[in-house]
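Chemist: The following block contains a protein sequence and its predicted model.
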Amino acid sequence: MTPTSEPAAAGAVCLVDDHGEFRESAAWWLESLGYAVSTYDDPRTFLDAGDPPAGSCLVLDVRMPGMSGLELLDALRARGCERPVIFMSGHGDVPLAVEAMSKGAVTFLEKPFREAALEAALKKAFASLPAASPEQDDFQQRLSTLTERERQVMDLVVGGDVNKVIAYKLGISPKTVELHRSRIMTKMGATNVSNLVRMAVAGRVDGAR
């Protein structure tokens, strides 16, 4: 994939695809358009990372080992996560496309597809999102600066876990957790944990509207 147009307005894209070469190529191309891209090679890893940011779009491969993209969407919807979804498949499977669209997908792209097709689908997906308040925009902008690991730590901190518990759950040392927490507080502009929790709760509520 190669850049074909002017950079897009900021937006977060979560790409879940087990094909490494395609995933890296697509991420590079989307980032060149101005999108903040998080990639995952496994649907369960994506689920374990917590809900994607409000105002983000999901790009999911349909056929993946262990859990399909359709099953992943069902799992997300079951826990109340409503994000626009674009499905992809390397197989011309009409029944799959029909099922994907019935689940509310923005569109269904058959690989290989032109960059312009994905770009148009993303524009449609982001256009379907409700307008965010200035506060929500600010929260999402700060949230987008966190690394994937920092997002995981933040979710556990907001959930009430202490450093030792977070370290155990993520398989890292308490000292590393403390380092992540410090960076999270700085990037999010939070003065203390209570402030961080209020930010997260307000951001998620606004993002669900």
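Modeler: Cool, got the structure.
Chemist: How about the secondary structure of Leu30?
Modeler: Under DSSP: H, G, I helix; E, B strand; the rest coil, the three-state class of Leu30 is helix.
Chemist: how far away is it from Lys169?
Modeler: For Leu30, the distance to Lys169 equals 30 Å [CB to CB, to the nearest Å]. The C-beta positions use only the backbone N, C-alpha and C, and glycine is treated the same way.
Chemist: tell me the pLDDT at Met199?
Modeler: Met199 is assigned a pLDDT of 78 by the prediction.
Chemist: oh sorry, the question was meant for Leu170
Modeler: So, for Leu170, pLDDT stands at 93.
Chemist: quick revisit: looking at Leu30 and Lys169, which is more packed in?
Modeler: Leu30 (24 against 14; other CB atoms under 10 Å).
Chemist: Contact partners for that one?
Modeler: For Leu30, the contact set (CB atoms under 8 Å, 6 or more residues apart in numbering) comprises 13, 15, 37, 122.
Chemist: Buried subset of those as a ChimeraX selection?
Modeler: To isolate the buried members of the contacts of Leu30 in ChimeraX, using 16 or more other CB atoms under 10 Å:
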select :13,15,37,122
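Chemist: In a markdown table: the contacts of Leu30, plus distance to Val59 and secondary structure.
Modeler: Converted to a markdown table, the contacts of Leu30 look like this (distance: CB to CB, whole Å; DSSP: H, G, I helix; E, B strand; the rest coil):
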| residue | distance to Val59 | secondary structure |
| --- | --- | --- |
| Val13 | 6 | strand |
| Leu15 | 5 | strand |
| Val37 | 9 | strand |
| Leu122 | 8 | helix |
